[in-house]
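>>> Would you be able to build a 3D model of this:
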Amino acid sequence: MEEIGLFEALYSQRQITRYKPDPVPREAIDTIIDAATKAPNGGNTQPWEFIAITDRDLVTKIGQLYREAWLGAMGATPPPNESSVYRAARYLANHMPEVPAMILVCVDHTKGSAPFTPGEPLVRGRYASSIWLAVQNLFLAARALGLGTRLTTAYLRREDEIKELLGIPDHVETVTLIPLGYPQGSFGSTSRHPAKEVTSYNRYGHRA
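Numbering: from 1, shown residues only. A predicted model of the protein is given here:
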């Protein structure tokens, strides 16, 4: 697998909504999840779990649940003034059952620093400071291998059904469902405010 450098990955990483049907090699999935596990995390508890979903029937079923959840929240028919961001998200929602692979990122609350009490509801987001760092590692590793990703959480409206489909126990919280595949089109620069506009030195608002 050919790889690119860190800064090239950083500056060309985009959220991908359109994927080629080409399968994602198992080696690539293993590599990017391995990169995710190298992330900093609170107390070195490493509370993450990753479920790579490559079975075609499972991808389709979970994709359908995602589509129903997204369209149920945002409406089946786009409004006339829908922004380009939401048009892209709508496209992905409609085509989520067709993506080549998915990675469901989870947190095992029995691995965390706070005691888990069976039968009590999970405190969602308790380990966010650890898990989101792992997700960013995963995204950058995927980009380095030419694979596209996107952050999605709309599936949470159907989380119970997805947990049942995948055999996820009660003490495991799902965090984000990431489609994975080779993008249609190319990677490229993103539109962001210049760093100098959001950077202060030594005192808030003191722009260098």
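>>> Pull the distance from the longest strand along the chain to the chain's centre.
Across the chain, the longest stretch assigned as strand under DSSP state E is strand 172-181. Averaging C-alpha positions (CA atoms, centre = their mean, to the nearest Å) puts strand 172-181 5 Å from its chain's average.
>>> for that strand, what is the average pLDDT?
In this model, strand 172-181 carries a mean pLDDT of 97.
>>> next one: stretch 191-208
88.
>>> How about stretch 21-39?
97.
>>> Convert that stretch to PDB, retaining C-alpha atoms only.
Written as PDB, here are the backbone C-alpha positions of stretch 21-39 (Å, rounded to 0.1, in the frame of the first residue of the first chain):
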ATOM      1  CA  PRO A  21     -17.800   0.300  -5.200                       C
ATOM      2  CA  ASP A  22     -14.300  -1.200  -4.900                       C
ATOM      3  CA  PRO A  23     -13.800  -3.400  -1.800                       C
ATOM      4  CA  VAL A  24     -11.500  -2.100   0.900                       C
ATOM      5  CA  PRO A  25      -8.600  -4.500   1.500                       C
ATOM      6  CA  ARG A  26      -8.500  -6.200   5.000                       C
ATOM      7  CA  GLU A  27      -4.900  -5.100   5.300                       C
ATOM      8  CA  ALA A  28      -5.800  -1.500   4.900                       C
ATOM      9  CA  ILE A  29      -8.600  -1.800   7.500                       C
ATOM     10  CA  ASP A  30      -6.200  -3.400  10.000                       C
ATOM     11  CA  THR A  31      -3.600  -0.700   9.400                       C
ATOM     12  CA  ILE A  32      -5.900   2.200  10.000                       C
ATOM     13  CA  ILE A  33      -7.400   0.700  13.100                       C
ATOM     14  CA  ASP A  34      -3.900  -0.100  14.400                       C
ATOM     15  CA  ALA A  35      -3.100   3.600  13.900                       C
ATOM     16  CA  ALA A  36      -6.200   4.600  15.800                       C
ATOM     17  CA  THR A  37      -5.100   2.500  18.800                       C
ATOM     18  CA  LYS A  38      -1.900   4.600  19.000                       C
ATOM     19  CA  ALA A  39      -3.900   7.700  20.100                       C
END
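>>> quick one, phi psi at P80?
Taking degrees, to the nearest 10, you get phi -60, psi -20 for the backbone angles of P80.
>>> ok, then the element right after the lowest-mean-pLDDT helix or strand in the chain?
Least confident helix or strand of the chain, by mean pLDDT, DSSP states H and E, is helix 6-12 with a mean of 85. Counting by DSSP states H and E, the next helix or strand C-terminal to helix 6-12 is helix 26-36.
>>> Measure how that following helix sits relative to strand 172-181, angle-wise.
Angle, helix 26-36 to strand 172-181, by axes from the mean of the first three to the mean of the last three CA atoms, to 10 degrees: 130 degrees.
>>> packing partners for the helix or strand following helix 26-36?
Next helix or strand after helix 26-36 toward the C-terminus (DSSP H and E): strand 48-53. Packing partners of strand 48-53 (3 or more CB pairs under 8 Å, 6 or more residues apart in numbering; DSSP states H and E): helix 26-36, strand 101-108, helix 128-144. From N, CA and C alone the C-beta is placed, and that goes for glycine too.
>>> just the angle between the first one and helix 128-144, please?
Calculated by the same axes, to 10 degrees, helix 26-36 forms an angle of 140 degrees with helix 128-144.
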